[in-house]
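> Structural data only, the sequence is not supplied:
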């Protein structure tokens, strides 16, 4: 069974899996308007930075496809800009969202010379499809590179969701596992549930089960005993931002996992595309960490599970120092320490 | 503000805090019959091994106090035995439950000579009160000893609940913090929420707030970043069983915390009474670990948060190797490595 497809262009609509219905129900929804896409991004029907970028690109096309073909190009471009600004407000922190909207506008701007509005509309659709296809290709390359690292291993532990439900393809951290499945290799995966928002139990477990891969959900605090007792051969997670020295920001809990992996002499891999690297940041100390609202911890399941007005600390991410990372898997190859050199070389 | 009193003899009843109502409501309930106590233990209105022992002792007295004073002693003892067997079935795994019921029966058996049923009933009430008082004294001694270790520290991290709501006194892991509060010392406490059952956010946070102590709830996977960024000076947890070499079984997650503490050069303390040590067990490898049902992970909050039929691994405890423990705080003093020697010496 192949990895789930989170988002695709189908029957002149954008077909998405409504992730707010997971894990109880696998509901596909056909998005036909830019407003519906705005809502889908805003309420997390689509989530995961790469998937959001793709959704925004298609969403922008949906916003301009009804513009009459006879519209003057300069007017068309103004409408495009307005629709992009509208979509950009759906989730103000996801970098891929802005990146995709800018790329779409840039291609339209570049192509105006000699093209009609009719042609530009088609160029924009093709660009959105291209963004999705490129992301799928990146995921597959990460998978192929990562599989080389883990092909002799049996049991993998992962955290949060960096899989097919977060990207236009087979994901990043989960891609090597999917490539393995294609080759008939049966990995056993432990998925941290990943409090507070439970992306591991809700999403990673769901997509691995859907692809026929052996997955076991654990609470985050069980990772240490799983490493000690269950023969974990590698930890693989995704990344939200990687500094020039290899320090990696990812979902909170990743840093602790990297320490536990080290203590158990288990390799710790980060899987992330080229676009995740930020050479303007020298080390992890400079990566700002978003703190989120208390209710994610105190009533994350529709039920209050902590005293009223209790203090909380709820960082969304933490930073794993490069010294704890065995290798970083990218679509351009596998990076090894010293990362400051290997990253620089890859970026050239 | 003093620590909460979980269980006490008051107005000819056993007054308990109904812990099933926490953290939303602090509801005291007066238990007047052995059947009501059976239910209170069974549905976790009372929880925590020492508190359960005390509850059982009082529950046994409630079961025999209505026996007519004129009853022949041998008949009275048979009724006592029957009531004890009834209470023993309330939670078949809590060691303190059996220990307390046996102690109550033993004292009655020992005292029969020359005593009437009327007198035996009073002896049993006094014994239950004594069990509760002894437990409170043990907690206070642990607190005094532990406070010596942490008096110069500011910030403490703890896991699960080993506080006043689990014992007849001020708890074990939390006792040094309460002793500090009595002395005007203001600790800042980080409480792991402690998945799957959230004893940290539901119970530890509740009792510390009730006692006016500064507490911040975090998800378990945030402990590492808290250690790195928030100046944690010590980790203190309770224990469920301690082997002859100091290996300690405690709530799952404790083992991982001990590794994280070591990596951050933070002292890691276990606080536990003498009765927790089991010299018949040489090392932690021999401690059996209970695995609990999947639903605690997959729908622990009345809402399904994982795919249907997903596999889980749900160990209730893990074992922290003695090498990761800085010191063990007991009512008889503080034990340091090598624990195999210091434990042996204490037990003599």
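The structure has been received and is ready for your questions. If you're wondering where the values come from, they're calculated on a predicted model, not measured in any experiment.
> only C-alpha atoms for contact and neighbour calcs from this point on.
Fine.
> Which residue ranges of chain A form helices?
If DSSP state H is used as the criterion, the helices of chain A fall at A:34-42, A:49-64, A:73-88, A:95-111, A:117-150, A:175-182, A:199, A:205-210, A:223-229, A:254-263, A:295-298, A:339-347.
> interface residues of the stretch 1-150 of chain A facing chain B?
Residues of the stretch 1-150 of chain A found near chain B (Cα under 8 Å from any Cα of the partner chain) are A:22-24.
> Among the residues you listed, which lie within strands?
Judged by DSSP state E, the subset of the residues of the stretch 1-150 of chain A next to chain B located in strands is empty.
> ok, back up a step: will you turn the helices of chain A into JSON lines that also has mean pLDDT?
Shown next, in JSON lines, are those (pLDDT from 0 to 100):
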{"stretch": "helix A:34-42", "mean pLDDT": "96"}
{"stretch": "helix A:49-64", "mean pLDDT": "96"}
{"stretch": "helix A:73-88", "mean pLDDT": "97"}
{"stretch": "helix A:95-111", "mean pLDDT": "92"}
{"stretch": "helix A:117-150", "mean pLDDT": "97"}
{"stretch": "helix A:175-182", "mean pLDDT": "98"}
{"stretch": "helix A:199", "mean pLDDT": "94"}
{"stretch": "helix A:205-210", "mean pLDDT": "97"}
{"stretch": "helix A:223-229", "mean pLDDT": "98"}
{"stretch": "helix A:254-263", "mean pLDDT": "98"}
{"stretch": "helix A:295-298", "mean pLDDT": "94"}
{"stretch": "helix A:339-347", "mean pLDDT": "95"}
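> Would you format the ones you listed as CSV with distance to residue B:333 and mean neighbour count included?
CSV is the format used below for these (distance: least, Cα to Cα, whole Å; neighbours: other Cα atoms under 10 Å in any protein chain shown):
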stretch, distance to residue B:333, mean neighbour count
helix A:34-42, 57, 20
helix A:49-64, 54, 28
helix A:73-88, 62, 18
helix A:95-111, 56, 18
helix A:117-150, 49, 21
helix A:175-182, 51, 24
helix A:199, 45, 22
helix A:205-210, 47, 24
helix A:223-229, 30, 20
helix A:254-263, 31, 25
helix A:295-298, 37, 20
helix A:339-347, 49, 16
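> Out of these, which gets nearest to residue B:180?
Distances from residue B:180 to each of the helices of chain A were compared using Cα to Cα; the shortest belongs to helix A:295-298, at 27.2 Å.
> hmm, who's touching the closest one?
Helix A:295-298 is contacted by residues A:195-197, A:304-307, A:312, A:314, B:201, B:217-219 when judged by Cα atoms under 8 Å, 6 or more residues apart in numbering or on different chains.
> for that helix, the distance to its chain's centre please.
Helix A:295-298 has its average C-alpha position 23 Å from the chain's average C-alpha position, going by Cα atoms, centre = their mean, to the nearest Å.
> can you tell me how far the nearest residue in space to residue A:256 that is not next to it in sequence sits from residue A:257?
Once its chain neighbours are removed from consideration, residue A:256 has its nearest residue in residue B:224; the separation is 5.0 Å (Cα to Cα, 6 or more residues apart in numbering or on different chains). Counting by Cα to Cα, to the nearest Å, the gap between residue B:224 and residue A:257 amounts to 9 Å.
> got it, and residue A:8?
Here the criterion is Cα to Cα. By it, residue A:8 lies 34 Å from residue A:257.
> cool, residue A:229 as well?
As judged by Cα to Cα, residue A:229 and residue A:257 stand 15 Å apart.
> Which of the contacts of helix A:295-298 sits closest to residue A:37?
Taking Cα to Cα as the measure, residue A:37 lies nearest residue A:197 of those, at 22.4 Å.
> for the closest one, what are its contacts?
A:296, A:300.
> So for it, what's the pLDDT?
pLDDT recorded at residue A:197 is 91.
> same deal with residue A:332?
As summarised for this prediction, residue A:332 has a pLDDT of 97.
> Could you do residue A:241 as well?
pLDDT at residue A:241 comes out at 89.
> next one: residue A:93
Listed pLDDT for residue A:93 reads 67.
> Please report how far residue A:135 lies from chain B.
27 Å (Cα to the nearest Cα, to the nearest Å).
> these two touch, right, that residue and residue A:52?
No. Checked against Cα atoms under 8 Å, the pair residue A:135 and residue A:52 is beyond contact range at 11.4 Å.
> Do me a favour and get the backbone dihedrals for the residue located most distally from the centre of chain A.
Residue distances from the centre of chain A (Cα atoms, centre = their mean) peak at residue A:70, which lies 38.5 Å from the mean C-alpha position. As for residue A:70, its main-chain torsions (degrees, to the nearest 10) stand at phi -80, psi 0.
> measure it to residue A:76 for me?
With Cα to Cα as the criterion, residue A:70 and residue A:76 are 10 Å apart.
> Need the residues touching each of those two.
Contact criterion Cα under 8 Å, 6+ apart; residues shared by residue A:70 and residue A:76: residue A:117.
> Show me whatever sits in contact with both of residue A:135 and residue A:52.
Among the neighbours of residue A:135, those also in contact with residue A:52 (Cα under 8 Å, 6+ apart) are residue A:167.
> quick one: contacts for residue A:220?
Applying Cα under 8 Å, 6+ apart, the residues contacting residue A:220 are A:192-195, A:253, B:195, B:220-221.
> Residue B:240: which of those residues is nearest?
Closest to residue B:240 out of those is residue B:195 (16.9 Å), distances taken as Cα to Cα.
> okay, the contacts of residue A:220 in a markdown table with distance to residue A:333 next?
Formatted as a markdown table, the entries for the contacts of residue A:220 read as follows, by distance: Cα to Cα, whole Å:
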| residue | distance to residue A:333 |
| --- | --- |
| A:192 | 27 |
| A:193 | 29 |
| A:194 | 28 |
| A:195 | 31 |
| A:253 | 26 |
| B:195 | 37 |
| B:220 | 34 |
| B:221 | 30 |
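> Just the ones in strands from those, please.
With strands identified by DSSP E, the entries of the contacts of residue A:220 that belong to them are residue A:192.
> Now restrict the contacts of residue A:220 to buried residues only.
Under a neighbour-count criterion of 16 or more other Cα atoms under 10 Å in any protein chain shown, the subset of the contacts of residue A:220 counted as buried comprises A:192-195, A:253, B:195, B:220-221.
> Taking the residues you listed together, which two end up most distant?
With distance counted by Cα to Cα, no two of the buried ones among the contacts of residue A:220 lie farther apart than A:253 and B:195, which are 13.8 Å apart.
> Would you mind measuring from the closest residue in space to the residue farthest from the centre of chain A that isn't next to it in sequence to residue A:128?
Nearest-residue entry for residue A:70: residue A:117, 6.9 Å, with adjacent residues in sequence omitted and distances by Cα to Cα, 6+ apart. Taking Cα to Cα as the measure, residue A:117 and residue A:128 are separated by 17 Å.
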